[in-house]
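In: Here is a sequence with its predicted model. Questions after.
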Amino acid sequence: MLTIDGSYGEGGGQIVRTAVALSVLTKQPIEITNIRAGRPIPGLRPQHFTALSCIRTICDAEVDGLSIHSTNLKFTPHDIKPGTYTFDIGTAGSMTLVFQACLLSAFHSSEPLTIILRGGTDVRWAPSWDYFAHIFIPLISKIGIKTDIKLLKRGYYPTGGGEATMTIHPVEKLLPFSAQDPQSFTEMSGIIHRANLPDHISTRMKHAAIKTALKQNLRSTIQIEAAPSSSTGTGITLWSESEGTILGSTVLGEKTLSAETVGETAANHLIQEIHSGATLDCYAIDQILPYLVLAPKGSACLIREISNHTQTNMWLIKQFFPVDFEVTPQQNALRIVVK
């Protein structure tokens, strides 16, 4: 049984979700110790519990220590069982993080598998729904992953209540991802979402983002989506596509931030990625790194910086696979090659 130190590096829930997903993928039993040991509330939180419960169910795993606040977990996977599954996080915990963990676990299934999930779609410390739908999913589709996703209702902190579905289709072969040269980004797309807030909030946010992008000669198309929800919330996700890749940025609205600040910040983050010469933004690399490793050798990309999340993910992946990551400076970016 492979032992993983859950307090290593960034030491968050990412280690638990990714380790369990890779356990299913490799059929390697694991034990995770010191789960979130350095966090104010150590151990598994509701969103981690839901993600692991989903994965346990779809592969009929044997699990010891799966409970909220647990700091030690033993997980022995079995084969994926195709079908349709419904799970409810029960809080505003991130649905996108749960979907990502399930997708990494189950894309090698022999038949399609559908997950219906309830919880938070746009919450702090997690990819927004629109980042998941318009950046993460299109990026991994370039590697050969096939999914269908549908947003039914958004959910915000504190009540959640969002709902979405994801169908994972079997994949015969993954493809290497190679984006080793800076690319041309001339247009910016985006979505602003809001619930239980006046129209002018999203209008001001949109104008601020467009004004910021115009200063960098980026043409912009931003949609506004307004729908009722059990909690109040708003946010913006922006992205820019080249021939070979997508860069993204997302900012969640907060009471202490003006609409203009949210729009400007999101646009400036995207512009910063573009100017660095990156071909994957610093959040995307963390999320798709396991797929780059699972694809045929030779995947490569440029990133603006290596976050603590990414460093932790690199360490974790090397516990499962005999791989390495070559990191070399290239002008204002870092070139990463999977070896």
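Out: Great, that's in hand. Numbers count the residues shown, from 1 in each chain.
In: A helix includes residue 317, no?
Out: Yes. Assessed by DSSP: H, G, I helix; E, B strand; the rest coil, residue 317 belongs to a helix.
In: How about it, nearest residue that isn't a chain neighbour?
Out: Using C-beta to C-beta, 6 or more residues apart in numbering and skipping the chain neighbours, the partner closest in space to residue 317 is residue 293 (5.5 Å). For every residue, glycine as well, the C-beta is placed using N, CA and C.
In: Verify the contact between the one you found and residue 319 for me.
Out: No. Judged on C-beta atoms under 8 Å, residue 293 makes no contact with residue 319 at a distance of 11.7 Å.
In: Which residue of these two possesses the greater neighbour count?
Out: residue 293 (21 against 15; other C-beta atoms under 10 Å).
In: what's the more buried one sitting at in phi/psi?
Out: When read as degrees, to the nearest 10, the backbone of residue 293 gives phi -70, psi -40.
In: re earlier: separation between the residue nearest to residue 317 and residue 144?
Out: Computed as C-beta to C-beta, to the nearest Å, the residue 293 to residue 144 distance reads 14 Å.
In: same deal with residue 35?
Out: 32 Å.
In: Looking at these two, which one has more neighbours?
Out: Taking neighbours as other C-beta under 10 Å, residue 35 and residue 144 compare with residue 35 leading, 27 against 17.
In: ok, the nearest residue to the more buried one once chain neighbours are set aside - contacts?
Out: In this structure, residue 35 finds its nearest non-sequential neighbour in residue 6, 4.0 Å apart by C-beta to C-beta, 6+ apart. Residues near residue 6 by C-beta atoms under 8 Å, 6 or more residues apart in numbering: 15-16, 19, 32-37, 71.
In: Am I right that residue 33 is in contact with residue 2?
Out: No. Judged on C-beta under 8 Å, residue 33 makes no contact with residue 2 at a distance of 11.4 Å.
In: still on that earlier bit, distance check, the residue nearest to residue 317 against residue 12.
Out: 20 Å.
In: and what of residue 192?
Out: 28 Å.
In: between those two, who's got more neighbours?
Out: It is residue 192, of residue 192 and residue 12, that has more neighbours when counted by other C-beta under 10 Å, with 27 against 20.
In: Using the three-state scheme, assign the more buried one.
Out: Residue 192 - assigned by three-state DSSP - is strand.
In: Look up how far residue 37 lies from it.
Out: As judged by C-beta to C-beta, residue 192 and residue 37 stand 38 Å apart.
In: And residue 86, by the same measure?
Out: Distance from residue 86 to residue 37, by C-beta to C-beta: 32 Å.
In: low pLDDT regions in this protein?
Out: For the chain, no stretch has pLDDT under 70.
In: and the longest helix seen in it, what does it pack onto?
Out: In the chain, with assignment by DSSP state H, the single longest helix is helix 259-276. On a contact count with 3 or more C-beta pairs under 8 Å, 6 or more residues apart in numbering; DSSP states H and E, helix 259-276 meets strand 187-195, helix 199-214, strand 233-241, strand 246-252.
In: Which secondary structure elements does the second one sit against?
Out: Read it as helix 199-214. strand 187-195, strand 219-226, strand 233-241, helix 259-276.
In: returning to what we had before: got the contact list for the residue nearest to residue 317?
Out: Contacts of residue 293 by C-beta under 8 Å, 6+ apart are 299, 317, 321, 323, 338.
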